[in-house]
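1. prediction below, plus the sequence it came from.
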Amino acid sequence: MDALRPSSHCRRSHARGSTRVDLLLLVAALALPVVDWLSGGLGLIDPMKAIFIYAILGLGLNIVTGFTGLLHLGVAAFMAIGVYSFAILTADIYPFQLGFWPALLLTIPIGAFAGFLLGGPTLGLRGDYLAIVTLGFGEIVQDVLRNLETITKGTQGINPLPPPTLPLPTAWGGTNGWYEFQADTPQPWYYLFLLFLVLVVVANRNLERSRIGRAWMSVREDDLASKSMGIPPVKTKLVAFATAAAIAAFAGGLWASSLSSTGEPSNYDFQVSILALCIVIVGGMGNISGVLVGAMVMIGVNDIVLQKIFSWMAKQELTSTGSVFGSPNNWKFLLFGLALVLMMRFKPDGLIPARKPRETGSARSATVRPKGEAS
Amino acid sequence: MELDVQYLLQQLVNGLSNGMISALIAIGYTMVYGIIELINWAHGDLCMLGAFFALTLIGALGIGAWSGPMAAFGVVILLLATAGFCGSLNLIVDRFAYRPLRRAPKLTLLVTAIGVSFIFVNLGLFWGGLPMTVFGEGNAAAAPKNFPAIVPATPILGGEPGQVTLTVRDLMIAGVTMPLMVGLWWLVRHTKLGKAMRAVAQNPTAASLMGINTDRVIGATFFIGGALGGFGSVIYAINNGTIGFQLGYRAGMDAFTAAVLGGIGSLPGAVLGGLLIGVARSLSDGYLEARWTPTLVFTILILILVFRPSGLLGLKSKEKV
Amino acid sequence: MRLKHLALATASLASLASLAVVSLGAAPLPSLQEGKVIKIVSSLPRTGSANAQTTTMVNGIRMAIDEVGGKVDGFDIAYEDWDDASPQKGNWDPQVEAQNANKAVKDQSIVGYIGTFNSGASKISMPVLNKEGLVMVSPANTYPGLTKPGTGEKNEPKVYRPSGKINYFRVVPTDDLQGSVAAEWAKELGAKKVFILHDRELYGKGIADVFQKHGKEIGLEVVGYEGIDSKAANYKSLVTKIASTGAELVYFGGTTQNNAGQIAKDLRAGGVQAPFMVPDGCFETAFIEASGAENLNGKTYITFGGLPADKLTGKGAEFREAYIKKYGTEPEAYAVYGYEAARVLLDAIDRAEKKDRESIRAAVAATKSFVGALGTWSFDENGDTTNRVMSGQTVKDGKFEFVKVLGGSN
């Protein structure tokens, strides 16, 4: 959106502002385990991993939905592709048996390729038609993973999967010069996930300002005008789509390793795609810092804040199992839904809105598709 | 060979009767989309609540025990009351959730709809936990609920093994769906409200400048779309006989797929899409493996969209509703 | 500018990471002898579709703890009911289960982990708990590969036991037993041609596969085998297909939640009068409610790994009475497993000399001739129950009715 912003002064101050938000978040994230440790273990570190994964997923989706303005309802499918390719490349029941690092790196081109395959023939479609194609693709991937048992083990899941390893001198506690991550010591995972998140953020910031990033945003604002300016819309969208798919697959590989299992195919269903989409929109579409805040709020409230409140309620014996209303778990959907509705009502542009170029045409529906666009 | 033709015809009957229900729900999507370009994510879950409302009504009035002409009367009561319930609920949601967002970006509206859908699902779970006989005294809120067979699955044609069988239920589905579709088409084409709806769909600013109360027209669209969903939910529940708080997701997804396949925004398109998907499912279950049916349906959808990017009956111009 | 930030970030990251790694070893472990409270947790899907069954299990667990007055051997027992489902899934969520497992091993006052409901979830938490020697008793997992060598993948079950010790036990018989007795019962009922359906889940498909394999061995003709779409509105087309094969019995491997009731209904509405057989995932009153009793009466057969509550004797009969008194309803089939899992754990805590994880784990493993609600049984060398009594039920007048004991001798 930088290219379209009215003045260069405005752009710079905005960019600096959001970098500041990023840095603030980074400092907080770096300090959290120390705080957690000093305060005797609040149990905050482990759930944070999910926030990081969803933030990475959201950042991928933000490229398609935020920057390029395409509604994507199947990002979980690409995550699943990453999960299963990581598993097949590493697990000891398959012939490849690669280590953590090469397999994780390979999820990136595999994801991009899958995105390319789906996007190639379908990205010429108008906004909402593309949305259902991505939704359908999500269902197809889930069913294929479930049905092709000989390859994917169906609903059994593939396990165990290798954890990350880092070179660490034996004198510092390494085994044969290597440190292997353990499931029950969350701090190393935490910092590794954070490092990957930082890398993805930096990559996204650079993409946002690059030539292709500006092309994405110009396609979002006006397909036809970009075409006449020499930006091929379908090709531009395809790059966005494949990049998002690659990031989602990468998040999947990381996730699979931290669970040491693929789980079931239904773990990567439509609900995950919707959650990622909500993160992007609640955070502030097209805004990288917004996605980070969105992930923190959406996942953090659900996994950490509500958990704490519910276990407190259970201790005070405020819960009962006799009726459906007595258990706070049964209220989660309602709270989640209400939060979304209220958030959109009072902060319709998200928690940290992206700056938008001034509207010239109809006031509404400019974000995904200008009203008057021919198809 | 004789048997094979019968088998094929039977599968077509199965597919068409399921397809018609999808079509009815699909219209609710397509109408709302046509007028405010919102994929009304909560529509499937609205239908789920409609089914719970209908079951509550059955429990309260004892409709389950009625038979003969009284049963037919009971079905009419259920249809009208549930349509009123769903229509009003949709209208209320529009008033408080969507209307304040008319000028917000489209995706903001979509997230609101997703939020409403979560709320509906939770309300459905609570509803199933009410201490009523029809809900198993509320002991297992999440479990699927039995919906009494008010309209029996008595064959009116065939009925012997190997014969093509058409039941009273199939007839009911057609008898409810077809008049509603014709009526809706007439309403959109030939009434003042219909004209206003088309005008708002074309250009809301211009329409309001011409003296059309856009909020009222949009509200009316939500009401009619919701009411059709209400009709759909009653025939869905009677036809299948089981309802659960999670049925909205699949019912909604099928209907949404149907709407897009036909060309979203187009009424005849939604009907055609619904019927096609119903038949495709049925043939896939009948001749291929059932576990591949969802994959097949979505593959067909993607292929059709690749070759006809606006759906089967979607128009390239701005003609909508 | 940006590069500088990155460098700064990386540097601070690296230093903090090393701090964290070093600090791990130094963290003090509280000793259980200091406090008088020890904790048991359960990790079951409490949000969404499995809620009905898990509520009865949690009721059972609470009853077992109340029975001993919340005290064992001078220690207060604290119980926490953890959820391994998430609202966005409406079902168990691997990430939540992993978090629960990590949280449990961290809290040194936790000495027992009752769970999980879904076998897939146990695959994730088992290795985590195993490394720390935290004992796990499942009231519901039936996937054989979790404990029995040679029944699942070739690396199972040793992948779940990185420490080499067995910390996972279950009080339910596994699918390989139930699927086989079901096939034998089907043959006994006079069926020659069977049509097999499953819900494409770990449990449902697993048991359907065993049914198919064993059925073929004992001479049943499998005329169809289909995985259903468990979210479909109805199965009319599938029923038309079943009718055309002339099947004499329809078997469904799956649960009430995955539409067993809808299948029963569509079979009868589609004119298929062949008997319908289902496993214990449907042995709950919700199945009868969802199907409509008229569609089940007299032609439905349900297998169950154990005896129904009203056939239990001794401790089991006492349990049923107390349950009805406390909760006002007949206990569902799974309630007694929650109760039994908690009881066997409390018994082991009582027997353990020291109340630490390893002693309690060893005490659970040493459980022999335990007089429980399910009869008198032991844990075998894999951690499985030696209780292999299966029962067959039918539905009569809208109620489950015990028919006979199945298997048992194998």
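-> Alright, I've got the coordinates. Residues are numbered from 1 along each chain as shown, chains lettered A, B, ... in the order given.
2. which SSE is immediately downstream of the helix or strand bottoming out on mean pLDDT in chain A?
-> The weakest-scoring helix or strand in chain A, judged by mean pLDDT, DSSP states H and E, is helix A:8-38 (a mean of 70). Downstream of helix A:8-38, the first helix or strand assigned by DSSP states H and E is helix A:45-62.
3. could you pull up the mean pLDDT of the helix or strand that that next one is followed by?
-> Scanning forward in sequence from helix A:45-62 by DSSP H and E, the next helix or strand is helix A:75-90. For helix A:75-90, mean pLDDT is 96.
4. repeat that for stretch B:13-28.
-> The pLDDT scores in stretch B:13-28 average 92.
5. can it be found next to chain C?
-> Yes - if you take Cβ under 8 Å from any Cβ of the partner chain as the test, stretch B:13-28 does meet chain C, through B:14-15, B:17-18, B:21. To be clear about C-beta, it is placed using only N, CA and C from the backbone, and glycine gets the same treatment.
6. can you report how many residues neighbour the closest residue in space to A:Phe310 that isn't next to it in sequence?
-> Closest residue to A:Phe310 apart from its sequence neighbours, by Cβ to Cβ, 6 or more residues apart in numbering or on different chains: A:Pro328 at 4.7 Å. Close neighbours of A:Pro328, defined as other Cβ atoms under 10 Å in any protein chain shown, add up to 20.
7. would you confirm that A:Pro328 contacts A:Gln316?
-> No - using Cβ atoms under 8 Å, A:Pro328 makes no contact with A:Gln316, being 11.4 Å away.
8. next to chain C, which bits of the stretch 201-350 of chain A? Give me the list.
-> Checking the stretch 201-350 of chain A against chain C by Cβ under 8 Å from any Cβ, the hits are A:202, A:205, A:255, A:258-261, A:263-264, A:266-267, A:269, A:271-272, A:274-275, A:302-303, A:310-311, A:314, A:321-322, A:327, A:329-330, A:332-333, A:336.
9. quick one, helices of the chain?
-> Looking at chain A here, since you left the chain open. Along chain A, counting by DSSP state H, helices occupy A:8-38, A:45-62, A:75-90, A:100-122, A:127-147, A:149-152, A:186-209, A:211-221, A:223-228, A:233-259, A:270-283, A:288-300, A:306-315, A:332-346.
10. if you could check chain C rather than the one you did, that'd help
-> C:2-26, C:51-67, C:94-106, C:119-131, C:175-188, C:202-217, C:236-245, C:260-269, C:285-291, C:315-327, C:335-351, C:357-365.
11. name the residues of stretch C:107-127 that are buried.
-> The neighbour-count check on stretch C:107-127 (16 or more other Cβ atoms under 10 Å in any protein chain shown) flags C:108, C:110-127 as buried.
12. touching chain B at all, that stretch?
-> No - judged by Cβ under 8 Å from any Cβ, stretch C:107-127 and chain B are separated, with a smallest distance of 13.3 Å.
13. that stretch: how far from the chain's middle?
-> 12 Å (Cα atoms, centre = their mean, to the nearest Å).
14. any low-confidence regions in the stretch 101-250 of chain B?
-> Scanning the stretch 101-250 of chain B for pLDDT under 70 picks out B:139.
15. enumerate the residues of the stretch 101-250 of chain B near chain A.
-> Applying Cβ under 8 Å from any Cβ, we find that the stretch 101-250 of chain B lies next to chain A at B:101-112, B:114-123, B:125-126, B:128-129, B:138, B:141-142, B:205, B:249.
16. just the element for B:Val217, please.
-> B:Val217 is located in helix B:214-240, with elements delineated by DSSP H and E.
17. quick one: list the elements packing against that helix.
-> helix B:2-36, helix B:43-61, helix B:69-93, helix B:168-190, helix B:192-202, helix B:204-209 (3 or more Cβ pairs under 8 Å, 6 or more residues apart in numbering or on different chains; DSSP states H and E).
18. can you point out the buried residues in that helix?
-> By neighbour count on 16+ other Cβ under 10 Å, the buried set for helix B:214-240 is B:214, B:217-240.
19. what pLDDT does the residue of the stretch 101-250 of chain A at minimum distance from chain C get?
-> Using Cβ to the nearest Cβ, the single residue of the stretch 101-250 of chain A nearest to chain C is A:Gln187, 3.7 Å away. We have a pLDDT of 83 for A:Gln187.
20. next: the one 3 residues further on.
-> Per-residue confidence at A:Tyr190 stands at 89 (pLDDT).
21. pull the contacting residues for the closest residue to it other than its chain neighbours.
-> Of all residues not flanking A:Tyr190 in the chain, A:Ile45 sits nearest, at 5.1 Å (Cβ to Cβ, 6+ apart). Residues in contact with A:Ile45 (Cβ atoms under 8 Å, 6 or more residues apart in numbering or on different chains) are A:32-33, A:36, A:186-187, A:190.
22. who wins on neighbours among the residues you listed?
-> When these are compared by neighbour count (other Cβ under 10 Å), A:Pro186 ends up highest, at 27 neighbours.
23. so what's it up against?
-> The neighbours of A:Pro186, taking Cβ under 8 Å, 6+ apart as the test, are A:45-46, A:49, C:102.
24. now do A:Ile212
-> Taking Cβ under 8 Å, 6+ apart as the contact definition, A:Ile212 lies against A:236, A:239.
25. hmm, try it at 10 Å
-> A:63, A:67, A:231, A:236, A:239-240, A:243 (Cβ atoms under 10 Å, 6 or more residues apart in numbering or on different chains).
26. what comes up buried for stretch B:304-317?
-> Quick answer for stretch B:304-317 (16+ other Cβ under 10 Å): B:304-305, B:309-314.
27. same question for stretch C:70-89.
-> Buried, per 16+ other Cβ under 10 Å, within stretch C:70-89: C:72, C:75, C:77, C:79-89.
28. just those residues that are near chain A?
-> Within the set of the buried residues of stretch C:70-89, contact with chain A (Cβ under 10 Å from any Cβ of the partner chain) is found for C:79-83, C:85-89.
29. now, the most widely separated pair of those?
-> C:Tyr79 and C:Gln88 (26.9 Å; Cβ to Cβ).
30. report the distance from stretch C:145-152 to the chain centre.
-> Worked out by Cα atoms, centre = their mean, stretch C:145-152 lies 16 Å from the chain centre.
31. follow-up on the earlier one: quick one: the next helix or strand after the helix holding B:Val217 to chain centroid distance?
-> Remark: after helix B:214-240, the chain's next helix or strand is strand B:242-243, criterion DSSP H and E. When distances are taken as Cα atoms, centre = their mean, strand B:242-243 is centred 15 Å away from the chain's centroid.
32. same question for stretch C:76-85.
-> Distance of stretch C:76-85 from the chain centroid (Cα atoms, centre = their mean) equals 17 Å.
33. is there proximity between it and chain B?
-> No - interface with chain B: stretch C:76-85 contributes nothing (Cβ under 10 Å from any Cβ), its closest point being 11.0 Å away.
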